[in-house]
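> Could you look at this predicted model? Sequence included:
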Amino acid sequence: MQSVKVVVVGSGVVGLSTAVCIAENLPHCSVTVISERFSPDTTSDGAAGILFASQFPDIPLERQCRWFKESFDHLLAIAQSSECGEAGVILSSGCQVFKEGPAERPFWADYVLGFCILSEREMKRFPDHKFGQAFTTVKCECITYLPWLEKRFRNAGGELQHGKVSDLQHLAETYDVIVNCSGLGARSLVGDAKMYPIRGQILKFHAPWVKNFIRDGDGHTYIYPGVNSVTLGGTRQAGDWRLDVDTGDREGILERCFRMDPALHGGQVVGEWVGLRPGRESPRVEVERLKTAEGREVPLVHNYGHGGWGVTLAWGTALDALGLVRQSLQQHPPMARL
Ligand SMILES: Cc1cc2nc3c(=O)[nH]c(=O)nc-3n(C[C@H](O)[C@H](O)[C@H](O)COP(=O)(O)OP(=O)(O)OC[C@H]3O[C@@H](n4cnc5c(N)ncnc54)[C@H](O)[C@@H]3O)c2cc1C
Ligand SMILES: O=C(O)CCC(=O)C(=O)O
(Lines give C-alpha, C1' and ligand atoms only; values in the text may rest on other atoms or scores of the structure.)
(Ligands and ions follow the chains in the order given, each with its own letter.)
Protein backbone atom coordinates (compact mmCIF):
# COMPACT_ATOMS: atom_id res chain seq x y z
CA MET A 1 0.00 0.00 0.00
CA GLN A 2 1.27 3.49 -0.87
CA SER A 3 2.09 5.38 2.32
CA VAL A 4 0.05 8.50 3.06
CA LYS A 5 2.19 11.57 2.40
CA VAL A 6 1.88 14.26 5.08
CA VAL A 7 3.66 17.62 4.95
CA VAL A 8 4.04 19.95 7.93
CA VAL A 9 4.87 23.58 7.08
CA GLY A 10 7.00 25.21 9.81
CA SER A 11 9.65 23.97 12.20
CA GLY A 12 9.13 26.11 15.30
CA VAL A 13 8.03 24.40 18.49
CA VAL A 14 4.48 23.97 17.13
CA GLY A 15 5.54 22.46 13.79
CA LEU A 16 8.11 20.06 15.21
CA SER A 17 5.82 18.93 18.04
CA THR A 18 3.07 18.27 15.50
CA ALA A 19 5.42 16.46 13.13
CA VAL A 20 6.70 14.21 15.94
CA CYS A 21 3.16 13.38 17.10
CA ILE A 22 2.08 12.40 13.57
CA ALA A 23 5.26 10.47 12.70
CA GLU A 24 5.20 8.48 15.96
CA ASN A 25 1.46 7.74 16.02
CA LEU A 26 0.53 7.18 12.36
CA PRO A 27 3.06 4.64 11.05
CA HIS A 28 1.29 4.41 7.66
CA CYS A 29 2.17 8.09 7.04
CA SER A 30 5.47 9.42 5.72
CA VAL A 31 5.98 12.88 7.20
CA THR A 32 8.03 15.75 5.75
CA VAL A 33 8.62 19.10 7.42
CA ILE A 34 9.20 21.99 5.00
CA SER A 35 10.35 25.20 6.59
CA GLU A 36 11.88 28.51 5.66
CA ARG A 37 13.78 28.64 8.97
CA PHE A 38 14.99 25.95 11.34
CA SER A 39 16.48 26.10 14.84
CA PRO A 40 18.24 28.27 15.98
CA ASP A 41 16.52 30.84 13.70
CA THR A 42 12.84 30.51 14.63
CA THR A 43 10.85 32.66 17.07
CA SER A 44 10.52 29.63 19.32
CA ASP A 45 14.32 29.51 19.78
CA GLY A 46 14.38 32.83 21.62
CA ALA A 47 11.40 32.25 23.90
CA ALA A 48 11.98 32.07 27.64
CA GLY A 49 10.05 28.81 27.41
CA ILE A 50 8.28 29.03 30.72
CA LEU A 51 5.06 27.01 30.96
CA PHE A 52 2.46 29.57 31.85
CA ALA A 53 -0.63 30.85 30.00
CA SER A 54 -3.39 33.39 30.00
CA GLN A 55 -6.86 32.43 28.80
CA PHE A 56 -7.96 32.82 25.16
CA PRO A 57 -11.46 34.26 24.63
CA ASP A 58 -12.78 31.98 21.86
CA ILE A 59 -11.64 28.50 22.88
CA PRO A 60 -13.70 26.43 25.34
CA LEU A 61 -11.94 26.39 28.69
CA GLU A 62 -12.02 22.60 28.76
CA ARG A 63 -9.96 22.53 25.54
CA GLN A 64 -7.42 25.06 26.89
CA CYS A 65 -7.08 23.03 30.10
CA ARG A 66 -6.39 19.92 28.02
CA TRP A 67 -3.75 21.74 25.92
CA PHE A 68 -1.99 23.00 29.03
CA LYS A 69 -2.15 19.72 30.94
CA GLU A 70 -0.98 17.56 28.02
CA SER A 71 1.96 19.88 27.34
CA PHE A 72 2.85 20.15 31.01
CA ASP A 73 2.73 16.39 31.63
CA HIS A 74 4.77 15.69 28.48
CA LEU A 75 7.50 18.16 29.48
CA LEU A 76 7.41 17.24 33.17
CA ALA A 77 8.16 13.64 32.23
CA ILE A 78 11.18 14.83 30.21
CA ALA A 79 12.36 17.15 33.04
CA GLN A 80 12.27 14.19 35.42
CA SER A 81 14.10 11.81 33.07
CA SER A 82 17.72 11.25 32.04
CA GLU A 83 16.89 13.15 28.80
CA CYS A 84 16.39 16.50 30.54
CA GLY A 85 19.88 17.86 29.82
CA GLU A 86 19.87 16.89 26.17
CA ALA A 87 16.30 18.18 25.73
CA GLY A 88 16.81 21.45 27.66
CA VAL A 89 13.72 20.94 29.83
CA ILE A 90 13.97 21.76 33.55
CA LEU A 91 11.74 22.37 36.55
CA SER A 92 11.51 26.00 37.64
CA SER A 93 10.08 27.36 40.90
CA GLY A 94 9.11 30.92 41.71
CA CYS A 95 6.25 33.34 41.99
CA GLN A 96 3.94 35.69 40.20
CA VAL A 97 3.22 38.93 42.04
CA PHE A 98 0.46 41.52 41.54
CA LYS A 99 0.29 45.23 42.30
CA GLU A 100 -3.41 44.78 43.09
CA GLY A 101 -5.00 41.71 44.63
CA PRO A 102 -6.37 39.25 45.17
CA ALA A 103 -5.78 37.90 41.65
CA GLU A 104 -7.91 35.20 40.06
CA ARG A 105 -6.74 31.60 40.40
CA PRO A 106 -5.37 30.71 36.93
CA PHE A 107 -7.09 27.87 35.04
CA TRP A 108 -3.86 25.84 35.11
CA ALA A 109 -3.28 26.14 38.88
CA ASP A 110 -4.00 22.45 39.44
CA TYR A 111 -1.69 21.26 36.63
CA VAL A 112 1.53 22.95 37.80
CA LEU A 113 3.10 21.74 41.05
CA GLY A 114 2.49 23.13 44.52
CA PHE A 115 0.40 26.17 43.58
CA CYS A 116 -0.21 28.34 46.65
CA ILE A 117 -0.82 31.95 47.73
CA LEU A 118 2.09 33.89 49.25
CA SER A 119 1.73 34.82 52.92
CA GLU A 120 1.97 38.40 54.22
CA ARG A 121 5.46 37.58 55.49
CA GLU A 122 6.55 36.28 52.08
CA MET A 123 5.09 39.37 50.37
CA LYS A 124 7.42 41.66 52.41
CA ARG A 125 10.06 40.85 49.79
CA PHE A 126 7.94 42.68 47.17
CA PRO A 127 7.19 46.21 48.47
CA ASP A 128 5.56 47.27 45.14
CA HIS A 129 3.16 44.33 45.14
CA LYS A 130 0.21 43.31 47.26
CA PHE A 131 -0.55 39.73 46.30
CA GLY A 132 1.41 36.71 45.09
CA GLN A 133 1.18 33.10 43.91
CA ALA A 134 4.01 30.56 44.14
CA PHE A 135 4.35 27.39 42.06
CA THR A 136 6.75 25.07 40.27
CA THR A 137 6.43 24.86 36.50
CA VAL A 138 8.58 23.68 33.60
CA LYS A 139 11.05 25.72 31.55
CA CYS A 140 11.55 24.38 28.04
CA GLU A 141 14.54 25.97 26.32
CA CYS A 142 13.81 25.67 22.62
CA ILE A 143 17.39 26.35 21.53
CA THR A 144 18.10 22.85 22.94
CA TYR A 145 14.62 21.31 22.74
CA LEU A 146 14.10 21.91 18.99
CA PRO A 147 17.26 20.00 17.92
CA TRP A 148 16.16 17.24 20.33
CA LEU A 149 12.71 17.17 18.68
CA GLU A 150 14.32 17.16 15.21
CA LYS A 151 16.34 14.08 16.23
CA ARG A 152 13.22 12.38 17.63
CA PHE A 153 11.37 13.19 14.39
CA ARG A 154 14.16 11.73 12.21
CA ASN A 155 14.24 8.60 14.41
CA ALA A 156 10.53 8.17 13.66
CA GLY A 157 11.33 8.25 9.92
CA GLY A 158 10.57 11.96 9.31
CA GLU A 159 12.33 14.16 6.76
CA LEU A 160 13.29 17.84 7.04
CA GLN A 161 13.46 20.13 4.00
CA HIS A 162 14.45 23.79 3.71
CA GLY A 163 12.10 25.95 1.65
CA LYS A 164 9.56 28.74 1.69
CA VAL A 165 6.05 27.62 0.78
CA SER A 166 4.09 30.25 -1.10
CA ASP A 167 1.35 28.11 -2.62
CA LEU A 168 -0.49 25.39 -0.70
CA GLN A 169 -2.29 24.29 -3.90
CA HIS A 170 1.09 23.38 -5.30
CA LEU A 171 1.90 21.26 -2.19
CA ALA A 172 -1.46 19.52 -2.54
CA GLU A 173 -0.29 18.05 -5.86
CA THR A 174 2.37 16.03 -3.99
CA TYR A 175 0.91 15.44 -0.51
CA ASP A 176 -2.26 13.80 0.85
CA VAL A 177 -2.45 15.94 4.00
CA ILE A 178 -1.06 19.43 4.68
CA VAL A 179 -0.51 20.72 8.22
CA ASN A 180 0.02 24.44 8.55
CA CYS A 181 2.25 25.38 11.52
CA SER A 182 3.67 28.56 10.01
CA GLY A 183 3.14 30.84 13.03
CA LEU A 184 3.11 34.50 12.02
CA GLY A 185 3.83 33.31 8.44
CA ALA A 186 0.16 32.23 8.24
CA ARG A 187 -0.71 35.88 7.69
CA SER A 188 0.59 35.65 4.12
CA LEU A 189 0.52 31.86 3.56
CA VAL A 190 -3.23 31.50 4.13
CA GLY A 191 -4.13 35.21 4.10
CA ASP A 192 -5.18 35.23 7.75
CA ALA A 193 -5.63 38.95 8.46
CA LYS A 194 -6.34 38.13 12.13
CA MET A 195 -2.62 37.36 12.58
CA TYR A 196 -0.43 40.18 13.87
CA PRO A 197 3.03 40.49 15.45
CA ILE A 198 3.46 41.08 19.17
CA ARG A 199 7.04 42.26 19.50
CA GLY A 200 9.00 40.94 22.47
CA GLN A 201 12.48 42.03 23.57
CA ILE A 202 14.48 40.15 26.21
CA LEU A 203 17.95 40.16 27.72
CA LYS A 204 20.12 37.17 28.58
CA PHE A 205 21.75 37.92 31.90
CA HIS A 206 24.61 36.26 33.79
CA ALA A 207 23.63 35.93 37.47
CA PRO A 208 23.95 32.23 38.35
CA TRP A 209 23.08 32.93 41.98
CA VAL A 210 19.51 33.83 40.97
CA LYS A 211 17.60 30.54 41.11
CA ASN A 212 13.87 31.33 41.25
CA PHE A 213 11.62 33.06 38.73
CA ILE A 214 9.60 36.19 39.45
CA ARG A 215 6.87 37.44 37.12
CA ASP A 216 4.84 40.61 37.48
CA GLY A 217 1.18 39.70 36.93
CA ASP A 218 0.87 42.52 34.36
CA GLY A 219 3.02 40.35 32.02
CA HIS A 220 5.53 43.12 31.27
CA THR A 221 8.30 42.24 33.68
CA TYR A 222 9.78 38.80 34.25
CA ILE A 223 12.96 37.13 35.50
CA TYR A 224 13.39 33.51 34.42
CA PRO A 225 16.58 31.69 35.49
CA GLY A 226 17.53 29.01 32.94
CA VAL A 227 20.25 26.47 32.20
CA ASN A 228 22.96 28.97 31.11
CA SER A 229 21.54 32.41 31.87
CA VAL A 230 18.63 34.34 33.31
CA THR A 231 16.06 35.70 30.85
CA LEU A 232 14.96 39.24 31.70
CA GLY A 233 11.91 40.71 30.00
CA GLY A 234 10.00 42.01 28.48
CA THR A 235 7.85 43.92 26.05
CA ARG A 236 4.51 43.12 24.38
CA GLN A 237 4.18 45.58 21.49
CA ALA A 238 1.19 44.63 19.35
CA GLY A 239 1.48 45.44 15.65
CA ASP A 240 5.21 46.26 15.89
CA TRP A 241 7.29 44.48 13.20
CA ARG A 242 10.72 45.81 14.32
CA LEU A 243 13.27 43.02 14.83
CA ASP A 244 16.13 45.24 15.97
CA VAL A 245 17.02 45.77 19.63
CA ASP A 246 15.62 49.00 21.07
CA THR A 247 17.91 50.69 23.62
CA GLY A 248 14.95 52.33 25.39
CA ASP A 249 13.34 48.91 25.83
CA ARG A 250 16.64 47.54 27.17
CA GLU A 251 16.89 50.28 29.81
CA GLY A 252 13.24 49.78 30.77
CA ILE A 253 13.66 46.01 31.20
CA LEU A 254 16.79 46.40 33.32
CA GLU A 255 15.23 49.06 35.52
CA ARG A 256 12.01 47.09 36.15
CA CYS A 257 13.78 43.76 36.74
CA PHE A 258 16.37 45.23 39.14
CA ARG A 259 13.58 46.87 41.08
CA MET A 260 11.63 43.62 41.32
CA ASP A 261 14.70 41.56 42.26
CA PRO A 262 17.66 43.54 43.70
CA ALA A 263 19.63 40.25 43.78
CA LEU A 264 20.31 40.83 40.07
CA HIS A 265 22.85 43.55 40.98
CA GLY A 266 26.38 42.44 40.18
CA GLY A 267 25.30 40.42 37.16
CA GLN A 268 25.80 41.35 33.52
CA VAL A 269 24.02 41.35 30.20
CA VAL A 270 25.38 38.60 27.94
CA GLY A 271 22.84 38.73 25.11
CA GLU A 272 19.80 40.45 23.68
CA TRP A 273 17.03 39.21 21.43
CA VAL A 274 13.85 40.37 19.77
CA GLY A 275 11.10 38.07 18.50
CA LEU A 276 7.64 38.51 17.01
CA ARG A 277 4.98 36.43 18.74
CA PRO A 278 2.38 34.98 16.35
CA GLY A 279 -0.48 37.07 17.75
CA ARG A 280 -4.15 36.13 17.20
CA GLU A 281 -7.16 36.52 19.44
CA SER A 282 -7.15 32.72 19.83
CA PRO A 283 -5.02 30.04 18.16
CA ARG A 284 -6.43 28.35 15.06
CA VAL A 285 -6.49 24.56 15.42
CA GLU A 286 -8.98 23.21 12.89
CA VAL A 287 -9.26 21.44 9.55
CA GLU A 288 -10.55 22.57 6.18
CA ARG A 289 -10.50 20.85 2.78
CA LEU A 290 -8.39 22.21 -0.05
CA LYS A 291 -9.56 21.53 -3.65
CA THR A 292 -6.76 20.95 -6.14
CA ALA A 293 -6.85 21.86 -9.83
CA GLU A 294 -7.15 18.11 -10.63
CA GLY A 295 -10.30 17.84 -8.50
CA ARG A 296 -8.75 16.05 -5.51
CA GLU A 297 -9.60 17.23 -1.99
CA VAL A 298 -6.77 17.43 0.51
CA PRO A 299 -7.21 18.03 4.25
CA LEU A 300 -5.50 21.21 5.42
CA VAL A 301 -5.02 21.13 9.19
CA HIS A 302 -4.17 24.49 10.78
CA ASN A 303 -2.19 24.79 14.00
CA TYR A 304 -0.94 28.34 14.48
CA GLY A 305 -1.54 31.63 16.28
CA HIS A 306 -0.36 30.70 19.79
CA GLY A 307 0.72 34.29 20.67
CA GLY A 308 2.88 34.38 23.80
CA TRP A 309 2.09 30.78 24.77
CA GLY A 310 3.40 28.61 21.95
CA VAL A 311 5.95 26.70 24.01
CA THR A 312 3.35 26.15 26.72
CA LEU A 313 0.65 24.81 24.42
CA ALA A 314 2.65 23.19 21.60
CA TRP A 315 2.32 19.55 22.67
CA GLY A 316 -1.38 19.85 23.54
CA THR A 317 -2.30 21.50 20.23
CA ALA A 318 -0.04 19.04 18.37
CA LEU A 319 -2.14 16.18 19.79
CA ASP A 320 -5.30 17.96 18.60
CA ALA A 321 -3.76 18.40 15.14
CA LEU A 322 -2.85 14.69 15.14
CA GLY A 323 -6.49 13.89 15.97
CA LEU A 324 -7.67 16.05 13.05
CA VAL A 325 -5.27 14.33 10.64
CA ARG A 326 -6.37 10.88 11.83
CA GLN A 327 -10.08 11.77 11.61
CA SER A 328 -9.69 13.28 8.10
CA LEU A 329 -7.93 10.15 6.84
CA GLN A 330 -10.65 7.91 8.30
CA GLN A 331 -13.52 9.97 6.91
CA HIS A 332 -11.97 10.65 3.50
CA PRO A 333 -9.27 8.13 2.54
CA PRO A 334 -6.81 9.91 0.20
CA MET A 335 -7.70 9.93 -3.50
CA ALA A 336 -5.00 8.61 -5.84
CA ARG A 337 -2.56 11.25 -7.07
CA LEU A 338 -2.14 11.47 -10.85
C1 LIG B 1 10.36 37.51 23.92
C2 LIG B 1 9.48 36.28 23.82
C3 LIG B 1 9.39 35.42 24.91
C4 LIG B 1 8.55 34.32 24.88
N5 LIG B 1 8.47 33.50 25.94
C6 LIG B 1 7.60 32.46 25.94
C7 LIG B 1 7.47 31.64 27.08
O8 LIG B 1 8.15 31.82 28.10
N9 LIG B 1 6.55 30.63 27.05
C10 LIG B 1 5.77 30.39 25.94
O11 LIG B 1 4.94 29.48 25.96
N12 LIG B 1 5.91 31.15 24.83
C13 LIG B 1 6.78 32.19 24.82
N14 LIG B 1 6.89 32.99 23.72
C15 LIG B 1 5.98 32.74 22.57
C16 LIG B 1 6.54 31.67 21.65
O17 LIG B 1 7.83 32.04 21.21
C18 LIG B 1 5.64 31.47 20.44
O19 LIG B 1 4.29 31.30 20.82
C20 LIG B 1 6.08 30.22 19.68
O21 LIG B 1 7.44 30.32 19.33
C22 LIG B 1 5.25 30.00 18.41
O23 LIG B 1 5.74 28.84 17.81
P24 LIG B 1 5.43 28.52 16.29
O25 LIG B 1 6.07 27.22 16.00
O26 LIG B 1 3.99 28.70 16.03
O27 LIG B 1 6.14 29.72 15.50
P28 LIG B 1 7.65 29.95 15.03
O29 LIG B 1 8.62 29.54 16.07
O30 LIG B 1 7.69 31.36 14.55
O31 LIG B 1 7.81 28.98 13.82
C32 LIG B 1 7.15 29.21 12.59
C33 LIG B 1 7.84 28.36 11.56
O34 LIG B 1 7.14 28.45 10.32
C35 LIG B 1 8.06 28.71 9.28
N36 LIG B 1 7.35 29.37 8.20
C37 LIG B 1 6.55 30.47 8.29
N38 LIG B 1 6.04 30.76 7.07
C39 LIG B 1 6.51 29.81 6.22
C40 LIG B 1 6.34 29.56 4.83
N41 LIG B 1 5.57 30.34 4.06
N42 LIG B 1 7.00 28.51 4.27
C43 LIG B 1 7.80 27.70 5.03
N44 LIG B 1 7.99 27.91 6.33
C45 LIG B 1 7.35 28.94 6.93
C46 LIG B 1 9.14 29.54 9.95
O47 LIG B 1 10.33 29.56 9.17
C48 LIG B 1 9.28 28.79 11.27
O49 LIG B 1 10.07 27.64 11.11
C50 LIG B 1 7.77 34.06 23.70
C51 LIG B 1 7.90 34.88 22.59
C52 LIG B 1 8.75 35.99 22.65
C53 LIG B 1 8.87 36.86 21.43
O1 LIG C 1 4.83 36.07 29.87
C2 LIG C 1 5.64 35.39 30.49
O3 LIG C 1 5.77 35.46 31.70
C4 LIG C 1 6.51 34.37 29.82
C5 LIG C 1 7.17 34.90 28.65
C6 LIG C 1 6.24 34.89 27.55
O7 LIG C 1 5.44 33.98 27.40
C8 LIG C 1 6.30 35.96 26.57
O9 LIG C 1 7.06 36.92 26.74
O10 LIG C 1 5.56 35.85 25.59
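Sure, I can see it. Ligands and ions are numbered 1, 2, ... in the order given.

> Can you pull the residues of the stretch 101-250 of the chain lying near ligand 1?
164-165, 181-185, 189, 200, 202, 233-234 (C-beta under 6 Å from any ligand atom). Bear in mind the C-beta positions are built from the backbone N, C-alpha and C, glycine included.

> For ChimeraX, write the select line for the buried members of the residues you listed.
To isolate the buried ones among those in ChimeraX, judged by 16 or more other C-beta atoms under 10 Å, type:
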select :165,181,182,183,184,185,189,200,202,233,234
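
> Of the residues of the stretch 101-250 of the chain next to ligand 1, which fall within the contact range of ligand 2?
Within these, those near ligand 2 by C-beta under 6 Å from any ligand atom are 200, 233-234.

> For burial, what's the neighbour tally of the closest residue to residue 39 other than its chain neighbours?
Counting by C-beta to C-beta, 6 or more residues apart in numbering, residue 39 lies nearest to residue 146, which is 3.6 Å off, once chain neighbours are set aside. Neighbourhood size, residue 146 [other C-beta atoms under 10 Å]: 25.

> Mind pulling the model confidence for residue 146?
On pLDDT, residue 146 comes in at 98.

> out of the ones next to ligand 2 among the residues of the stretch 101-250 of the chain next to ligand 1, which one sits closest to residue 153?
Distance to residue 153, by C-beta to C-beta, is smallest for residue 200 among those, at 26.7 Å.

> correct me, but the closest one touches residue 236?
Yes - assessed by C-beta atoms under 8 Å, residue 200 is found in contact with residue 236 at 6.4 Å.

> and for these two, which residues touch both?
Common contact partners of residue 200 and residue 236 (C-beta atoms under 8 Å, 6 or more residues apart in numbering): 277, 308.

> do whatever helix or strand residue 90 lives in and ligand 2 meet at all?
Using DSSP states H and E, residue 90 falls within strand 89-98. No - remark: strand 89-98 sits outside contact range of ligand 2, by C-beta under 6 Å from any ligand atom, the gap being at least 8.0 Å.

> now swap in stretch 279-294 and tell me
No - using C-beta under 6 Å from any ligand atom, stretch 279-294 stays clear of ligand 2, coming no nearer than 10.0 Å.

> so of the residues of the stretch 101-250 of the chain next to ligand 1, which ones are in strands?
Counted as lying in strands by DSSP state E, out of these, are 200, 202, 233.

> Leaving aside the residues adjacent along the chain, what's closest to the last one?
The reference is to residue 233. With C-beta to C-beta, 6+ apart as the criterion, residue 233 has its nearest non-adjacent residue at 4.3 Å, and that residue is residue 202.

> pLDDT added to the residues of the stretch 101-250 of the chain next to ligand 1, as a markdown table?
Below are these laid out as a markdown table (pLDDT from 0 to 100):
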| residue | pLDDT |
| --- | --- |
| 164 | 98 |
| 165 | 98 |
| 181 | 98 |
| 182 | 98 |
| 183 | 98 |
| 184 | 98 |
| 185 | 98 |
| 189 | 98 |
| 200 | 98 |
| 202 | 98 |
| 233 | 97 |
| 234 | 94 |
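
> Please enumerate the helices of the stretch 51-200 of the chain.
Taking DSSP state H, counting those that start in this stretch as the test, the helices found in the stretch 51-200 of the chain are 61-79, 84-87, 120-123, 142-155, 168-172, 186-189.

> what's the pLDDT at the closest residue to ligand 1 within the stretch 1-150 of the chain?
Closest residue of the stretch 1-150 of the chain to ligand 1, C-beta to the nearest ligand atom: residue 12 (2.2 Å). Listed pLDDT for residue 12 reads 98.

> I'd say it and residue 184 touch.
No - counting by C-beta under 8 Å, residue 12 sits too far from residue 184 to count as a contact (9.6 Å).

> Need the overlap of contacts for the two.
Contact criterion C-beta under 8 Å, 6+ apart; residues shared by residue 12 and residue 184: residue 43.

> before we move on, the earlier item: save the ones next to ligand 2 among the residues of the stretch 101-250 of the chain next to ligand 1 as CSV, and put in distance to residue 134 too.
CSV is the format used below for those (distance: C-beta to C-beta, whole Å):
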residue, distance to residue 134
200, 25
233, 20
234, 21
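
> quick one: which of these is nearest to ligand 1?
Taking C-beta to the nearest ligand atom as the measure, ligand 1 sits nearest to residue 200 out of these, at 2.9 Å.

> and the closest one, what does it touch?
Contacts for residue 200 (C-beta under 8 Å, 6+ apart) come out as 233-237, 274-277, 308.

> one more time with 10 Å
Residues in contact with residue 200 (C-beta atoms under 10 Å, 6 or more residues apart in numbering) are 43, 46-48, 233-237, 240, 249, 273-277, 308.

> now do residue 37
Residue 37 makes contacts with 10-12, 43-45, 162, 164, 183, 185, as judged by C-beta under 10 Å, 6+ apart.

> Residue numbers of this structure in contact with ligand 2?
By the rule C-beta under 6 Å from any ligand atom, the part of the chain lying against ligand 2 is 48, 50, 52, 200, 215, 219, 222, 233-234, 277, 308.
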